[in-house]
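> only geometry, no sequence info:
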């Protein structure tokens, strides 16, 4: 399995992926036209034909034996530059009166675009059949290696939006109690429009004043900052990298947005560059992949698990299969991370 | 205690008989106990008339002070009146005028607003209703703190108590604002709970509705308002029960509201911040009592020889000794008002002195509603 930039030839496989993602996964709508444009933009981004802040790096995880796509993930260099990027910030307002012997803090939701200009790791999806062999970890963390390698292309902070709580029949209690009053449409439609990048309607229809959460039913309040069950492992992984919930939530489903300074992300701090040495011999191979390696070029970026770590001399020995998978030869550089 | 239905039947008779024996006059120190009883029996309890002896004593003194001084423009004055049934020799009602609703501090209301959320992208237009804290009503003169002995409800005594204040305002326009307001107690359910409070205020206080109301009355409502949410509230987020209570009066005050609408008050966008009771407002030049009142010299005749005529409110032209009663609007061909000896005495006027007279009858409420703001 290896991760690489998406290419024009991936359109059919990408659409197949899009059909599998379902509700709540806004960035991959099932629209060939949209996906095709997305690929064009991504290719242009990897080739450096787009200004840095407008780039959307879209990666796919492929099974290099079957040629099938197992999943995808993306990095948006700077969100909110072309279309507005909204969150609710969960704030506190003190309601206090000495005469009444009263001191209460009321949770409020403030509409915010605080994250404008931050990078976003997004669009992570792994087909169920491939949810094994640490493929999910590879998909998630490969992005850190990419950002470490091209640090100058990214801003100070990074965020990730996590999918919020939905009932088994796909209903978001948060949306039902809040969004539905302001958006005369179904969650799905609002969700799709957002996925298509048509977000100006949000600012046009959203309540402009803060929302006092006590006015929301308990079921909706319980969704604030909570993730969908299946998103929990992804959240845990990001938390281990040092991303934290700072009180920002999705305006539709109430799911948390986690964030960090890019330089503080664990994978950014712990990855390092080593020199490749390809060996024709049989090499020791750990059962559970523990080392991740990524190439140092942008348009031909590759990332994969490798069977072992580097030597003390900062040399990484690869099998010929591994070298082929990474498209490297002896003497090339690789960025590696133990994880 | 006498069974209340017996009492009310008796009183209905006597109210009809002794229509001329009801008197509105400024409250005096001696009225304190009676006013305290009225404050305690008001349904629902009134924020601005707490059954709190010290506060009520202060209120009476404040009223006397206002009446003892020259006032050139409305300010901090609070005028308190009582309704006396001279036959019983009892105080059976009280009502006040606050010259300026928010004189010492702001008068808080919720203002109903419609926000248009339109999306060009989606080609749709969506209206969202909000309630915004407002100080806009701070400038009006407020007719307030009315409590009437329940035995007189629905009689001309109720009308007199409500509208005699307009007879006072007609005579001393410089003491009051151009716009008058009346805040009616809001809707409470059968259990005496305010659905609006339960959905809104409750979240912001430790105390319950009635306790907060009492505190607001004894101290001031504005310092409590300052603890209320300062940002507008989106109506769709309130409970359906709370939304239904917005601008809805307490069942016991339905008739009073109708009467004030007929008088020329119109529903405003403002509602009470605790229970969402309606606040009506009226421009002085559009209020029936003020536009239809007229001065007439008094002519005294024996009671038995007074002709029948429509009932009217009759007020003398005193300030501290203001008096207003109900009499027949019977005029001589030269425009003198015919009063009995007793009525003239009640008003403290002699033959030849001018009194202010206004008919008690009001036009249809429906006609008045056509001119409403909402």
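Yes, it's here. Owing to the predicted nature of the structure, the values given are computational and were not obtained by experimental measurement.

> A strand includes residue B:241, no?
No - membership of residue B:241 in a strand is not supported by DSSP: H, G, I helix; E, B strand; the rest coil, which gives helix.

> how about it: what's its closest non-neighbour residue?
Once flanking residues are discounted, residue B:241 sits nearest to residue B:195: 3.8 Å by CB to CB, 6 or more residues apart in numbering or on different chains. No exception for glycine: its C-beta is placed from N, CA and C like everyone else's.

> for that neighbour, give me phi and psi.
The phi and psi values for residue B:195, taken as degrees, to the nearest 10, are phi -60, psi -30.

> my guess is it contacts residue B:245, does it?
Yes - counting by CB atoms under 8 Å, residue B:195 touches residue B:245, with 4.8 Å between them.

> could you list every helix and strand that the helix or strand where residue B:58 lies packs against?
Following DSSP states H and E, one finds residue B:58 within helix B:53-68. Judged by 3 or more CB pairs under 8 Å, 6 or more residues apart in numbering or on different chains; DSSP states H and E, helix B:53-68 is in contact with strand B:22-26, helix B:32-41, strand B:78-85.

> so which residues of the stretch 51-200 of chain A form strands?
Using DSSP state E, counting those that start in this stretch, the strands of the stretch 51-200 of chain A run over A:56-62, A:69-76, A:87-97, A:102-112, A:119-126, A:157-161.

> next one: the second one to chain centre, how far?
Right, strand A:69-76. Centre-to-centre, strand A:69-76 and its host chain are 8 Å apart (CA atoms, centre = their mean, to the nearest Å).

> ok, now the fourth one?
In this view, strand A:102-112 has its centroid 29 Å away from the chain centroid, taken as CA atoms, centre = their mean.

> from the contact counts, what lies against it?
strand A:87-97, strand A:211-212.

> neighbouring strands - and their directions - for it?
Take DSSP bridges as the rule and strand A:102-112 pairs in its sheet with strand A:87-97 (antiparallel), strand A:211-212 (antiparallel).

> can you list the buried residues in the helix holding residue B:58?
B:56, B:59-60, B:62-64, B:66-67 (16 or more other CB atoms under 10 Å in any protein chain shown).

> most tightly packed of the helices and strands packed on strand A:102-112?
Per-stretch averages of neighbours, counted by mean count of other CB atoms under 10 Å in any protein chain shown, single out strand A:211-212 among the helices and strands packed on strand A:102-112, with a mean of 20.

> list the buried residues of the helix or strand just after that one.
Where DSSP H and E defines the elements, the next helix or strand beyond strand A:211-212 is helix A:218-221. The neighbour-count check on helix A:218-221 (16+ other CB under 10 Å) flags A:220-221 as buried.

> and the helix or strand just after helix A:218-221, what's its mean pLDDT?
For helix A:218-221, the following helix or strand on the C-terminal side (DSSP H and E) is helix A:232-240. For helix A:232-240, the mean pLDDT works out to 93.

> got the angle for the helix or strand that helix A:232-240 is followed by vs strand A:87-97?
Remark: after helix A:232-240, the chain's next helix or strand is strand A:244-249, criterion DSSP H and E. Interaxial angle of strand A:244-249 relative to strand A:87-97 (axes from the mean of the first three to the mean of the last three CA atoms, to 10 degrees): 80 degrees.
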